[in-house]
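Trainee: build the 3D model from these lines:
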Amino acid sequence: MLPAIVNANLARGAHQLSKKRAIVKRLDCVQNLGAMTVLCSDKTGTLTRDELSVHRYTGIMGEDSLGVIELAKAIPFDFERRRPGCIVRGITGNSLLIIKGAFDDVLSLCSFMRSRGKSEHLDHEVRRQLSRRATHMNKYGHRVMLVATRNLGKPRLVDSFELDTLEMGMTVEGMISFVDPPKDDAKDAVARLTGLGVRVKVLTGDSLPVALNVCSSLELIQRGDAIEEDEEAIAGPDLAALEGSDEFDLAVERCTVFTKVTPKQKSMIVTSLQKAGHCVGMLGDGINDAIALRDADVGISVDSGAGVAKDYGSILEFWQRLQHRGGERLATLYACPMMSIQLLAQNLLYDISQIAIPWGRVDDEYLKEPRRWNAIDIFRFVVVLGPTSSVIDVCTCLLGWFYYGVKSTSDKQAVQLFQTHWFR
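Mentor: Next up, the predicted model:
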């Protein structure tokens, strides 16, 4: 009966979630959802509205520049390289390489800057000024993208491998800043999760200041603490330096905000938390979240998410099949003290009585913290109930043997009396 009881409870849980506009793809995830101790969440589109609006588009000296917007073509983003690029043919017939992407990644490839329409050397002081300007915008939650170009001369075919070698000696054209505010209900959701004993960790590809601004507004961290003490946040490159060591697991356990992380690192963070004994949930809606959604104990996606993210959402694997009523099964093996109709009637009555279990109510105090499936508790119950039931069965057999004198099947009336006694 245990598998039936468990499945009935999980099915009712899935039904309750459907009333909250959540579709459960597999019943298994209902159990893990209640046992979840850590929720890893992407930032863009989950904690924020994913409604990017351009804040400013400026040239190298901070002046507004429409040319920067024109150069920022719609190019598929690469989550590993963090800088898409394309080659276009200009008016003069020469090829022009255009790249855009994360500020630090693109700036490291640049040696020149566009100032007053001319290409000039990009010195250390200008680099510092640009970095200060970008950091200032990041602190206010603005995402900053840098746009750079390089003249390649005569047109020619270039594959993706050669493109990497061409991305050097670039010319900074300007920067574009975007704003993506948090969702209205995100702060309340985080507070409720914290109250239920679920730790929330943010895994994002954005820069540290942007992520800290959003997390501070959601009260996930204290403003300024993570920057000064380096206790609550860590960047992807720093985390990569710790891979394969115990410090990696310690950093994952300690930090709340993970910035500039790759899809592979998101999966590694989830795996590290699982290794530490946590039941881990992953909330994401993008292609870069797919691996982490697959590896998490419970993967949560949204209807507006990428197709691959929805495919991997709520994919779980755990096994919980236990046998019970061992004493009664043992008694049935060595003797059949009841008629077949009595056996069927007893099982039917027992099964009907279990229908009420999924509708049972649990104390509110019990629901205030995550509860994991603990097979040890059920095993203890089986160990106690099984032998106890067997002892009762043996005593009943001895009672029929010595008291009723049923020692053979020749006396049908005595056998029927014994069977009735056993059934009642």
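
Trainee: I'd like the next helix or strand past the helix ranked longest in the chain.
Mentor: Ordering each helix of the chain by length in residues (DSSP state H) puts helix 375-402 first. Per DSSP states H and E, the first helix or strand lying C-terminal to helix 375-402 is helix 412-423.

Trainee: packing partners of that following helix?
Mentor: If contacts are counted by 3 or more Cβ pairs under 8 Å, 6 or more residues apart in numbering; DSSP states H and E, helix 412-423 sits against helix 340-354, helix 375-402. Any C-beta I mention is one placed from the backbone N, CA and C, and that applies to glycine too.

Trainee: elements contacting the last one?
Mentor: Counting contacts by 3+ Cβ pairs under 8 Å, 6+ apart, helix 375-402 packs against helix 326-334, helix 412-423.

Trainee: again, 6 Å this time
Mentor: Here helix 375-402 touches helix 326-334, going by 3 or more Cβ pairs under 6 Å, 6 or more residues apart in numbering; DSSP states H and E.

Trainee: now the helix it packs on: mean pLDDT?
Mentor: Regarding helix 326-334, the rounded mean pLDDT is 37.

Trainee: pLDDT below threshold where in the stretch 51-200 of the chain?
Mentor: 73-82, 90, 156-164 (pLDDT under 70).

Trainee: got the residue ranges for the helices in it?
Mentor: For the stretch 51-200 of the chain, helices defined by DSSP state H, counting those that start in this stretch occupy the ranges 66-71, 103-107, 124-139, 160-166, 186-195.

Trainee: can you redo these as CSV, where the extra columns are distance to V210?
Mentor: Output for these, formatted as CSV (distance: least, Cβ to Cβ, whole Å):
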stretch, distance to V210
helix 66-71, 19
helix 103-107, 10
helix 124-139, 5
helix 160-166, 26
helix 186-195, 15
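
Trainee: of all these, which lies closest to I376?
Mentor: Nearest to I376, of all the helices of the stretch 51-200 of the chain, is helix 186-195, at 27.2 Å by Cβ to Cβ.

Trainee: of the helices of the stretch 51-200 of the chain, which approaches L17 most closely?
Mentor: Closest to L17 of the helices of the stretch 51-200 of the chain is helix 186-195 (Cβ to Cβ; 15.5 Å).

Trainee: what does that closest one rub up against?
Mentor: Helix 186-195 has contacts (Cβ atoms under 6 Å, 6 or more residues apart in numbering) with L47, V200, L218.

Trainee: for the first one, give me phi and psi.
Mentor: Dihedral pair for L47: phi -90, psi -30, per degrees, to the nearest 10.

Trainee: ok, it - contacts?
Mentor: P182, A186.

Trainee: if we can go back for a sec, by how many degrees do the longest helix of the chain and helix 412-423 diverge?
Mentor: Relative orientation of helix 375-402 and helix 412-423, computed by axes from the mean of the first three to the mean of the last three Cα atoms, to 10 degrees: 150 degrees.

Trainee: chain center to helix 375-402: distance?
Mentor: Here helix 375-402 is found 44 Å from its chain centre; the criterion is Cα atoms, centre = their mean, to the nearest Å.

Trainee: and if you look at stretch 175-183?
Mentor: Remark: stretch 175-183 is offset 24 Å from the chain centroid, using Cα atoms, centre = their mean.

Trainee: so how far is the first residue of it from its last?
Mentor: With Cα to Cα, to the nearest Å as the measure, stretch 175-183 spans 26 Å from end to end.

Trainee: buried ones in that stretch?
Mentor: Buried residues in stretch 175-183, counting neighbours by 16 or more other Cβ atoms under 10 Å, are found at M175, I176, S177, F178, V179, D180, P182, K183.

Trainee: rewinding a little: rebuild the helices and strands packed on helix 412-423 as CSV, extending it with mean neighbour count.
Mentor: CSV is the format used below for the helices and strands packed on helix 412-423 (neighbours: other Cβ atoms under 10 Å):
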stretch, mean neighbour count
helix 340-354, 11
helix 375-402, 13
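
Trainee: quick one, which of those helices is nearest to I91?
Mentor: Nearest to I91, of all the helices and strands packed on helix 412-423, is helix 375-402, at 71.8 Å by Cβ to Cβ.

Trainee: low-confidence regions, the stretch 251-400 of the chain specifically.
Mentor: 303-343, 346, 351, 354-355, 357-358, 360, 373, 375.

Trainee: now the spatially most central residue of the chain: closest residue in space, sequence neighbours ignored.
Mentor: By Cα atoms, centre = their mean, the chain has its centre lying nearest to M282, at 0.6 Å. Closest residue to M282 apart from its sequence neighbours, by Cβ to Cβ, 6 or more residues apart in numbering: A296 at 3.6 Å.

Trainee: can you count the residues close to that neighbour?
Mentor: A count of nearby residues for A296, using other Cβ atoms under 10 Å, gives 33.

Trainee: ok, now which ones touch it?
Mentor: Residues counted as contacts of A296 (Cβ under 6 Å, 6+ apart) are V270, V280, G281, M282.

Trainee: for G405, which non-adjacent residue is spatially closest?
Mentor: Closest to G405 by Cβ to Cβ, 6+ apart is A414, at 6.8 Å.

Trainee: the stretch 201-350 of the chain: strands as residue ranges?
Mentor: 233-235, 257-259, 280-283, 298-300 (DSSP state E, counting those that start in this stretch).

Trainee: winner for burial among the helices of the stretch 51-200 of the chain?
Mentor: Of all the helices of the stretch 51-200 of the chain, helix 103-107 has the most neighbours on average by mean count of other Cβ atoms under 10 Å, namely a mean of 19.

Trainee: helices and strands around that helix, which ones?
Mentor: Using 3+ Cβ pairs under 6 Å, 6+ apart as the contact test, the elements touching helix 103-107 are strand 142-153.

Trainee: mind listing the strands the strand it packs on pairs with, and their directions?
Mentor: Strand 142-153 has the following sheet partners, assigned by DSSP bridges: strand 95-102 (antiparallel), strand 170-179 (antiparallel).
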